[in-house]
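predicted model and sequence follow; I will ask about them next.
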Amino acid sequence: MAETKKTTIVLFSGDYDKAMAAYIIANGAAAYDHEVTIFHTFWGLNALRKEENVMVKKGFLEMMFGKMMPRGADKMGISKMNFAGFGPKLIKNVIKKHNALTLPQLIEMAQEQDIKLVACTMTMDLLGLQQEELLDNIEYAGVAAYLADAEVGNVNLFI
Amino acid sequence: MAETKKTTIVLFSGDYDKAMAAYIIANGAAAYDHEVTIFHTFWGLNALRKEENVMVKKGFLEMMFGKMMPRGADKMGISKMNFAGFGPKLIKNVIKKHNALTLPQLIEMAQEQDIKLVACTMTMDLLGLQQEELLDNIEYAGVAAYLADAEVGNVNLFI
Amino acid sequence: MAETKKTTIVLFSGDYDKAMAAYIIANGAAAYDHEVTIFHTFWGLNALRKEENVMVKKGFLEMMFGKMMPRGADKMGISKMNFAGFGPKLIKNVIKKHNALTLPQLIEMAQEQDIKLVACTMTMDLLGLQQEELLDNIEYAGVAAYLADAEVGNVNLFI
């Protein structure tokens, strides 16, 4: 019996378009029976934030980060042609027109396909993000767990 | 007999310097007998656009994207120090001075070395790019074909 | 006996946060007994620059690049929320507050862990950077050496 293939993606970027690419590759790999992990670190964590404002106790710096960073996938900007927020609307229009999936829909599909969504605990600590602020049914881990997945992976990407 | 090594690069970025890095690695790998694929997606597709304006029927949104995005490798901006278009000129001067290859030359070399240049059909659909607007002798495929290449690859990069 | 695992990272980016991610993964992999190489190319070379101004003879273009690019890891900007240099200070405050390592400390740790730090000679040539301007105890190589490392690697990333 063939061994299960593994795809492991570090999602570092907080850009809507880059996160889309990550989730499209991840969902594709899961459809082809890969075991897939997306390890969200730095700005990539924003894709896992809940849309609503969750009240948690924070220091001043952490509160500032929380305010400045987009709350959830739908609020993220794009890496090119952002045009003060106009670009993402354009992209979303184009997605709707072509019946393609938006980023929140891609994330939902990833959860349905049992893709392992991991939040980097070191970054959460640095940026002051707490578990209550992130989506349900995700995992929490550090660089050691990432490396354990990646070192036996077939497709490793940093996005 | 040793098995052929494979290098598979996703070129997501539309930046001149990042595309240069992708094509330098790809050309190097081909010179060392790797089977090499560059899968152009999102803004990376711009590297494959023809320089001349190709008349094709498009919807309004697609026409806007077509106008706003650079037409071909030579028109792409750089990721750092773009300085409103001055940066790319500086880079190109430096390339000329050192007899290095420009991005269009690197792409030509890639085609001569039989590197498989693939345009992501899903992105073409989203951005409204049509085959007539892209270079000749490239292939068209989706994420499934990318994964089939990548999962048996030795060097997989997302650029 | 198990074979030694290899991690090979291309550091293309000149952003403080991306370089941090690269060095955190690299130091983690070295701690788990991987043989680790970081290949610094394009703007990633700036992480290896000495902080002090080293006097070397240069052409005009090369002098301009030298002036415009950050001198060393501590001077690098961040990829998101740079806010005209305010972002990096915020990040550094947060790092200090959480007793995490700064980028210069991560680079020092990498050298202590015998991570192979390589400067891309082609980029040095293009940007006019000379060995005297870069940290001691690093190696100099081109894309061929990178590929030789990467093609037998377990974890290959482009950052």
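Arrived safely, thanks for sending.

nearest residue to A:M109 other than its sequence neighbours?
Distances taken as C-beta to C-beta, 6 or more residues apart in numbering or on different chains put A:N27 closest to A:M109, at 5.5 Å, once the chain neighbours are dropped. No exception for glycine: its C-beta is placed from N, CA and C like everyone else's.

contacts only, for that neighbour.
For A:N27, the contacting residues are A:L106, A:M109, A:A110, A:Q113, A:I115, by C-beta atoms under 8 Å, 6 or more residues apart in numbering or on different chains.

from the middle of its chain, how far away would whichever strand or helix holds it be?
Assigned by DSSP states H and E, A:N27 belongs to helix A:16-31. Centre-to-centre, helix A:16-31 and its host chain are 10 Å apart (C-alpha atoms, centre = their mean, to the nearest Å).

over to stretch A:10-28?
7 Å.

and the spatially closest residue to A:E51 that is not a sequence neighbour, how far from B:I25?
In this structure, A:E51 finds its nearest non-sequential neighbour in A:G72, 4.3 Å apart by C-beta to C-beta, 6+ apart. Distance, A:G72 to B:I25, using C-beta to C-beta, to the nearest Å: 35 Å.

ok, now A:M124?
33 Å.

quick one, which of those two is more surrounded?
The residue with more neighbours, out of A:M124 and B:I25, is B:I25; 26 against 20, by other C-beta atoms under 10 Å in any protein chain shown.

any residue of the one helix or strand A:G66 maps to up close to chain C?
Assigned by DSSP H and E, A:G66 belongs to helix A:60-68. Yes: for helix A:60-68 and chain C, the contact criterion (C-beta under 8 Å from any C-beta of the partner chain) is met by A:L61, A:E62, A:M64, A:F65, A:M68.

what does chain A have sitting close to chain C?
A:10, A:12, A:14, A:41-43, A:59, A:61-62, A:64-65, A:68-69, A:122, A:125-128, A:143-144, A:146-147, A:150-153, A:156-158.

using CSV, list the CA coordinates for the helix holding A:N27.
The C-alpha atoms that make up helix A:16-31 are tabulated as CSV, following Å, rounded to 0.1, in the frame of the first residue of the first chain:
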residue,chain,number,x,y,z
TYR,A,16,-5.9,37.8,1.4
ASP,A,17,-4.5,36.6,-2.0
LYS,A,18,-1.6,34.7,-0.5
ALA,A,19,-3.8,33.0,2.0
MET,A,20,-6.2,32.1,-0.8
ALA,A,21,-3.3,30.4,-2.7
ALA,A,22,-2.3,28.6,0.5
TYR,A,23,-5.8,27.3,1.1
ILE,A,24,-6.4,26.4,-2.5
ILE,A,25,-3.2,24.3,-2.6
ALA,A,26,-4.1,22.8,0.8
ASN,A,27,-7.7,21.9,-0.2
GLY,A,28,-6.4,20.4,-3.5
ALA,A,29,-3.9,18.3,-1.7
ALA,A,30,-6.5,17.0,0.8
ALA,A,31,-8.8,16.1,-2.1
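
now that helix: buried residues?
When burial is assessed from 16 or more other C-beta atoms under 10 Å in any protein chain shown, helix A:16-31 yields the following buried residues: A:16-30.

for stretch A:69-88, same thing?
A:69-73, A:75-82, A:87-88.

all helices for chain A, in order.
Using DSSP state H, the helices of chain A run over A:16-31, A:60-68, A:86-97, A:103-112, A:121-127, A:143-150.

tabulate those in TSV, adding columns for mean pLDDT.
Compiled in TSV, those are given as follows (pLDDT from 0 to 100):
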stretch	mean pLDDT
helix A:16-31	97
helix A:60-68	85
helix A:86-97	84
helix A:103-112	97
helix A:121-127	93
helix A:143-150	97
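
gap between the spatially most central residue of chain A and chain B?
In chain A, the residue lying closest to the centroid (C-alpha atoms, centre = their mean) is A:A47, at 4.2 Å. Going from A:A47 to chain B by C-beta to the nearest C-beta, to the nearest Å gives 16 Å.

pretty sure that residue contacts A:A19?
Yes: at 5.0 Å, A:A47 counts as touching A:A19 under the criterion of C-beta atoms under 8 Å.

what's the local residue count around the nearest residue to A:A31 once chain neighbours are set aside?
Once flanking residues are discounted, A:A31 sits nearest to A:Q113: 7.2 Å by C-beta to C-beta, 6+ apart. A:Q113: 13 surrounding residues under other C-beta under 10 Å.

and what of the one 3 residues further on?
Each residue near A:K116 was counted by other C-beta under 10 Å, and the total is 19.

what's near enough to touch the residue nearest to it when sequence neighbours are not counted?
Setting aside the residues directly before and after it, A:K116 is nearest to A:T37 in space (C-beta to C-beta, 6+ apart), at 4.3 Å. Going by C-beta under 8 Å, 6+ apart, A:T37 touches A:K6, A:T7, A:T8, A:I9, A:I115, A:K116, A:V118, A:Y146, A:D149.

apply 6 Å and report the result again.
A:T8, A:K116, A:D149 (C-beta atoms under 6 Å, 6 or more residues apart in numbering or on different chains).

the last one reaches A:T7, doesn't it?
No: with contact taken as C-beta atoms under 6 Å, A:D149 and A:T7 are classed as non-touching, separated by 9.5 Å.

between those two, which is the more surrounded one?
Comparing A:D149 with A:T7 by other C-beta under 10 Å, the one with more neighbours is A:T7, at 27 against 21.

dig out what the more buried one forms beta bridges with.
Under the criterion DSSP bridges, A:T7 forms beta bridges with A:V36, A:V155.
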